[in-house]
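A.B. asks: Whatever this is, show me its structure:
(chains A and B, ligands or ions: 3)
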Amino acid sequence: MERRSKTILRQKVAMPEAPALERRNGFQEVSLGYTPELAKVEADRCLLCKKPLCVPGCPVAIDIPGFIRQLSDGNLPAAYEILKRSNPLPAVCGRVCPQETQCEVKCVMGRKGEPVAIGRLERFVGDWGVAHGAAEEVEARLTGKKVAIVGSGPAGIACAQDLARAGVAVTIYEALHEVGGVLVYGIPPFRLPRKIVNQEIEGLKRLGVRIERNKVIGKIFTIEQLLHTKGFDAVFIGTGAGLPKFMGIPGEHLNGVMSANEFLTRVNLMHGYEKADTPIGMGDSVIVIGAGNTALDAARTALRMGAKEVTIVYRRTEKESPARLEELRHATEEGIQFCWLTQPVRLHGDVNGSVVAMECLRMELGEPDLSGRRSPRPVTGSEFRIQADTVIYALGTVANPIIARSTPCLKVNQQGYLEIDPQTQMTSIPGVFAGGDIVTGSATVILALGAGRRAAQGILQYLGLSREEERGEGHGLTMPAVSRAG
Amino acid sequence: MFLILKKEVFAPDTFLWEVAAPEIADAAEAGQFAMVRLKEGGERIPLTIADFDRERGTVTLVVKVVGRSTEEMATYSAGERFLDFIGPLGAPTQVKGKNHIVLVGGGLGVAPLYPILRSFKELGSGTTTILGFRTRNQIFWEERFRLLSNQLLVMTEDGSYGRHGTTIDALRFILSGEVPVDEVMTVGPIGMMQAVAEVTRPLKIPTFASMNSIMVDGIGMCGSCRITVEGKVLFACVDGPDMDAHKVDFEELKVRQNRFKKEEIASLKKYRGECALKKEGRIF
Ligand SMILES: Cc1cc2nc3c(=O)[nH]c(=O)nc-3n(C[C@H](O)[C@H](O)[C@H](O)COP(=O)(O)OP(=O)(O)OC[C@H]3O[C@@H](n4cnc5c(N)ncnc54)[C@H](O)[C@@H]3O)c2cc1C
Ligand code: SF4
Ligand code: FES
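C.D. replies: Ligands and ions are numbered 1, 2, ... in the order given. Coordinates of the predicted model:
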C-alpha cells in the first residue's frame, strides 16, 4: 500500500480544542474533533498490525485496525459498521474512554513515540455515524418476546440495542425525567454534548425500543410485577451506582458541603447551566475532594458556573489519579489548582452553619508495600487550612438500595452490589439479569456497555432465541477486569 | 402530562390537588412521597402523598406556598396538566397493629397523616389524633380525621378554634392520661417534630417523624437529602422519609433546611417579576 512508504509520524495528530480562557466560561465542547483531513493523517499512522496488541486492550474487543483501515481508505460507512459491531456508542466512548489505559497503552506505536490516537479516530467515525443517522434500519423479525430494562444508562442502552435487533420488544424504565443515565446527569456537556446522547437515544427508538421515563422500578412496579403482572419474559437491571460516600470528618453537615453527584445533578440534569429553577448553592471558592473523572467534572463545572477559585485536593499524587489524562490536562489549562498529597481532616463553619475553610494534612509517600504501591501517610504537624465556601465530595459511591430492598431473593454482595453469573449476567433470580455499575460499583462507560451486551446474549439464550452460530463467537464479550473508576 | 382533576383552596397559602395517576395510586402506601415537575426547566418538587384512591386512580397532594415552585403550582387550576409526576418514593410508614397510637400533625403535616391514620385503623389500632394549626382559617380535613380517630384534638395557636394551645400541649395532656400509648408518629414543622421527640423521649415511647429534607432526584443518587441519625448519615428519600425521632439530629436539620434561602428568595422575586410583566403583556 502506498501509505506504508511515507515516513511515519511519531506523534499523534493534535485534536483542535477551544482555547482554555474562552471555554472555561461556557459549556460548549472543549475538544473539537478531527477534521476529515486530520483523521486521515492520523489513521495512516496505524500499522494495521496482523496481531494487533490494541484489540485485547479494548474491553469490547473492537476490530481496531479494521475500522482504521476503512477510515484511511475513506470508507466511513464501513468503518462505522465495524465500530458498531462491538460498541453500541462509539461517539460517546471516543470521548470518555480512558484509552491511555486500555487500547492505546498497548499500541506498538507507543514504543517509539505516541500510540495511534484510537480514541480520537473512534470519535471521528462515531460522529460521522451520528450525523448521518447511520444506516440502522434493522428489519426486526419480531419474536413475540418482551424484555424490561431498568435504567437508561450505558448498560441499559447496550442491552436494549442488542435485544431490539434480535426482534425482542423492549421497554426501558428510567427513574429520572431524562434518558441516558450518567451520560446526562453526570458527565457534563462540555465533555459530552447532549446532542450526541440524544441522537443515540433516537436511534434506539427507531429500533422500536419504548422508553418510559419517571418510573422508579422497585417503587411503582417491582421486579416481580414486571415478570408476573406486566408480562415481561425477562428483566435487565442497569440502575448504575448510587449514593455518594462521605468521609466522616467533622463539619460535613455544614451548608456548602455537597457531593459531586448533587452538584452535577443540579447543574446537568436540572439544567443549572441554563439557569433553570433548581438552585445550585455554589459560592466563589470551591474545593473538590478526589481526583477521578467525577472530581474533575465537578471542578471544571464549578469554574463554568462562575467560581473564582477551584482547588482539587487529593491524598495521593497525580500519578495515582484515576481520571483520563486529557481531562487532567484540560483542567490544568483552565486554571484548576491541584493540592496533591493532601488529606482533609476537618471542615470549619461560621455561626450560620456554612463552611468557611477546610483543614488538611500534608501526606508523603511511604515505602512501597507488598503490591509495590507507595501508600500515602500523614506528615505530623503539617496541618494547614484552605479557605472555601463550597466543598464538593467526589469520593465514589455505594450501591443504590432501591431494587435490592424491594426484590426478595435477589442476592447482593457485602457492599450491596448485585451478584451475577459472569457468563450470562444472570442474577440469583432466573430471568433477571444485571450489569454496569450496579454490579461492579462505579466503573466505566465501556464496561457498562460490554456488560449490557453480554446480558443481551444471556437473555436471548435464556429465551431460547440465540442463534447457534452467534454463540460465544466474535462479539468479544468476555468479562474484562474492572479498570479505572469513573 | 398529568391532569389535575380537582383543586381545593384551604387557606390563602394552602391548596389541594387531586391528580389522575392510576399507576402511582396503585403502588402508593401511607408515608410515601411523590415529586412534581411542572414544566421543562422546572424543579423536582417533593411532596408527601396526602391521600390516594386506587379505585379512582387518583393521588392527592396538599401544598403550602413556600417558594417559587409552590407559588407557581398554586396558579394551576383543575382541568390543567403538568409535565412530570414521579412516585411513589421513599419507604412506607411501618404500620403494625398497635393497641394505641398517637398521631401528631402540624400545619401542612396534617395531610400526610391521613393515610397513616387510615392504615392503623385498618389494623384495628386505637388512635388519638392531634392536629395543630395557627388559626381557624388554616384548618382542613377535620371531619375526615374525626371519622377515623378514636379521639381527635384540634389545636389552634391563637385559640380561634378547638382548644387553645400547641400540639405539644395536647400531646403532654394525652400522655399523662390513662390510656397507655405504644407509639407516636409525627409530621409537621421541624421544630414541632423535635418538640414531640423531646416529650416522648423520657417516656421511652417509640416515636417516628417524617423528614422533608431538601431533595433533588429523590431516588438515592445525589445525597442532598442526607440527615444525621445517631451519628450516621442516612438519606431521607430512600431510608426515610420516616426516621426514629429520638435519633435524628434536628439542630443540624434546621440549619441544612436553610441551605438555599438566598437562592430561593432571589428566584421567587424573579418569578414574581416575570409574572407581573406577563400580566402587563410585556412578555409572554
Ligand atoms: C461525573 C462522572 C464522570 C464520569 N466520567 C467517565 C468517563 O470519563 N469515562 C468513563 O468511562 N466513565 C465515566 N464515568 C463512569 C460511567 O459514567 C459509569 O460507569 C456508567 O455510566 C455506568 O453505566 P450504567 O448503565 O451502569 O449506569 P448509569 O449510567 O448510572 O445509569 C443508570 C440509570 O438507571 C436509572 N435508575 C436507577 N435506579 C432506577 C430504578 N429503580 N428504576 C429505574 N431506573 C433507575 C438511573 O436514573 C440512571 O439513569 C463517570 C461517572 C460520573 C458520575
Ligand atoms: S496496535 Fe496500534 S498500530 Fe497496531 S493495529 Fe492497533 S492501533 Fe494500529
Ligand atoms: S434526594 Fe438525592 S439522594 Fe435523596
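A.B. asks: For the stretch 251-400 of chain A, just list every one of the helices.
C.D. replies: If DSSP state H, counting those that start in this stretch is used as the criterion, the helices of the stretch 251-400 of chain A fall at A:260-264, A:293-304, A:325-334.
A.B. asks: I should have written the stretch 151-284 of chain B there, sorry.
C.D. replies: B:167-175, B:190-200, B:250-257, B:261-279.
A.B. asks: With mean pLDDT, mean neighbour count and distance to residue A:238 as added columns, please give the helices of the stretch 251-400 of chain A in a markdown table.
C.D. replies: C-beta here means a position set from N, CA and C on the backbone, and glycine is covered the same way. Output for the helices of the stretch 251-400 of chain A, formatted as a markdown table (pLDDT from 0 to 100; neighbours: other Cβ atoms under 10 Å in any protein chain shown; distance: least, Cβ to Cβ, whole Å):
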| stretch | mean pLDDT | mean neighbour count | distance to residue A:238 |
| --- | --- | --- | --- |
| helix A:260-264 | 93 | 28 | 17 |
| helix A:293-304 | 93 | 27 | 19 |
| helix A:325-334 | 90 | 18 | 25 |
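A.B. asks: Which of those helices sits closest to residue A:189?
C.D. replies: Across the helices of the stretch 251-400 of chain A, residue A:189 has its closest neighbour in helix A:293-304 (9.5 Å, Cβ to Cβ).
A.B. asks: near chain B at all, the closest one?
C.D. replies: No: using Cβ under 8 Å from any Cβ of the partner chain, helix A:293-304 stays clear of chain B, coming no nearer than 12.3 Å.
A.B. asks: quick one on the thing from earlier: any idea which of the helices of the stretch 151-284 of chain B scores lowest on pLDDT?
C.D. replies: Mean pLDDT per stretch puts helix B:261-279 lowest among the helices of the stretch 151-284 of chain B, at a mean of 75.
A.B. asks: mind listing what's buried in that helix?
C.D. replies: B:263-264, B:267-268, B:271 (16 or more other Cβ atoms under 10 Å in any protein chain shown).
A.B. asks: now stretch B:37-55
C.D. replies: With burial defined by 16+ other Cβ under 10 Å, the residues of stretch B:37-55 counted as buried are B:37-38, B:42-52.
A.B. asks: Out of those, which comes closest to residue A:289?
C.D. replies: For the buried residues of stretch B:37-55, the nearest to residue A:289 is residue B:44 (26.1 Å; Cβ to Cβ).
A.B. asks: what about that closest one, distance to ligand 2?
C.D. replies: Separation of residue B:44 from ligand 2 (Cβ to the nearest ligand atom, to the nearest Å): 45 Å.
A.B. asks: Setting aside sequence neighbours, what's the nearest residue to that residue?
C.D. replies: residue B:35 (4.6 Å; Cβ to Cβ, 6 or more residues apart in numbering or on different chains).
A.B. asks: Report the contact partners of the residue nearest the centre of chain B.
C.D. replies: The residue lying closest to the centre of chain B (Cα atoms, centre = their mean) is residue B:109, at 3.9 Å. Shown in contact with residue B:109 (Cβ atoms under 8 Å, 6 or more residues apart in numbering or on different chains): B:186-189, B:192, B:210.
A.B. asks: re earlier: out of the helices of the stretch 251-400 of chain A, nearest to ligand 1?
C.D. replies: Closest approach to ligand 1 among the helices of the stretch 251-400 of chain A (Cβ to the nearest ligand atom): helix A:293-304, 3.4 Å.
A.B. asks: Tell me the residues of the stretch 101-250 of chain B that contact ligand 3?
C.D. replies: Contact residues (Cβ under 6 Å from any ligand atom) of the stretch 101-250 of chain B with ligand 3: B:215-218, B:220-225, B:235, B:237.
A.B. asks: thinking again about what came up before, what values do phi and psi take at the residue nearest to the centre of chain B?
C.D. replies: When read as degrees, to the nearest 10, the backbone of residue B:109 gives phi -60, psi -10.
A.B. asks: Would you mind measuring from the residue of the stretch 351-486 of chain A found nearest ligand 3 to residue B:87?
C.D. replies: Nearest to ligand 3 in the stretch 351-486 of chain A, going by Cβ to the nearest ligand atom, is residue A:400, at a distance of 9.0 Å. Here the criterion is Cβ to Cβ, to the nearest Å. By it, residue A:400 lies 17 Å from residue B:87.
A.B. asks: Repeat that for residue B:29.
C.D. replies: 11 Å.
A.B. asks: if you count what's nearby, which of the two comes out ahead?
C.D. replies: residue B:87 (27 against 17; other Cβ atoms under 10 Å in any protein chain shown).
A.B. asks: Assign a three-state SS to the more buried one, would you?
C.D. replies: Three-state call for residue B:87 (DSSP: H, G, I helix; E, B strand; the rest coil): strand.
A.B. asks: Please name the residues that touch it.
C.D. replies: A:216, A:219-220, B:21, B:24, B:27-28, B:32-35, B:49, B:59.
A.B. asks: Next: residue A:254.
C.D. replies: Contact partners of residue A:254, counting by Cβ under 8 Å, 6+ apart, are A:347, A:349, A:353-355, A:391.
A.B. asks: again with residue A:230
C.D. replies: Residue A:230 makes contact with A:148, A:221, according to Cβ under 8 Å, 6+ apart.
A.B. asks: That one sits in which helix or strand?
C.D. replies: Assigned by DSSP states H and E, residue A:230 falls within no helix or strand.
A.B. asks: Give me the domain ranges for the chain.
C.D. replies: You didn't pick a chain, so chain A it is. Domain ranges of chain A: A:20-131, A:146-242+A:399-470, A:246-396, per automatic domain parsing.
A.B. asks: think we crossed wires, I meant chain B
C.D. replies: Looking at automatic domain parsing, the domains of chain B come to B:2-89, B:91-210.
A.B. asks: where's the residue in chain B positioned nearest to ligand 2 relative to residue A:95, distance?
C.D. replies: Ranked by Cβ to the nearest ligand atom, the top residue of chain B for proximity to ligand 2 is residue B:221, at 36.9 Å. Going from residue B:221 to residue A:95 by Cβ to Cβ gives 23 Å.
A.B. asks: Now for chain B, the helix or strand with the poorest mean pLDDT.
C.D. replies: Lowest by mean pLDDT, DSSP states H and E among the helices and strands of chain B is helix B:261-279, with a mean of 75.
A.B. asks: My understanding was that residue A:453 contacts residue A:88; is that so?
C.D. replies: Yes: counting by Cβ atoms under 8 Å, residue A:453 does reach residue A:88; the two are 7.0 Å apart.
A.B. asks: Between those two, which contacts overlap?
C.D. replies: A:158, A:162.
A.B. asks: Looks to me like residue B:132 is in a strand.
C.D. replies: Yes: Residue B:132: assigned to a strand according to three-state DSSP.
A.B. asks: can you list the residues of the stretch 351-486 of chain A near chain B?
C.D. replies: Looking at chain B, the residues of the stretch 351-486 of chain A close enough under Cβ under 8 Å from any Cβ are A:352-353, A:400-402, A:405.
A.B. asks: If any of these are buried, put those into a ChimeraX selection.
C.D. replies: Burial among these is assessed by 16+ other Cβ under 10 Å; the matching ChimeraX selection reads:
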select /A:353,400,401,402
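A.B. asks: Would you pull up the residue in the stretch 351-486 of chain A closest to ligand 1?
C.D. replies: Counting by Cβ to the nearest ligand atom, the stretch 351-486 of chain A gets nearest ligand 1 through residue A:436, at 2.2 Å.
A.B. asks: ok, and the closest non-adjacent residue to residue B:189?
C.D. replies: Among residues not flanking residue B:189 along the chain, residue B:106 sits closest, at 5.5 Å (Cβ to Cβ, 6+ apart).
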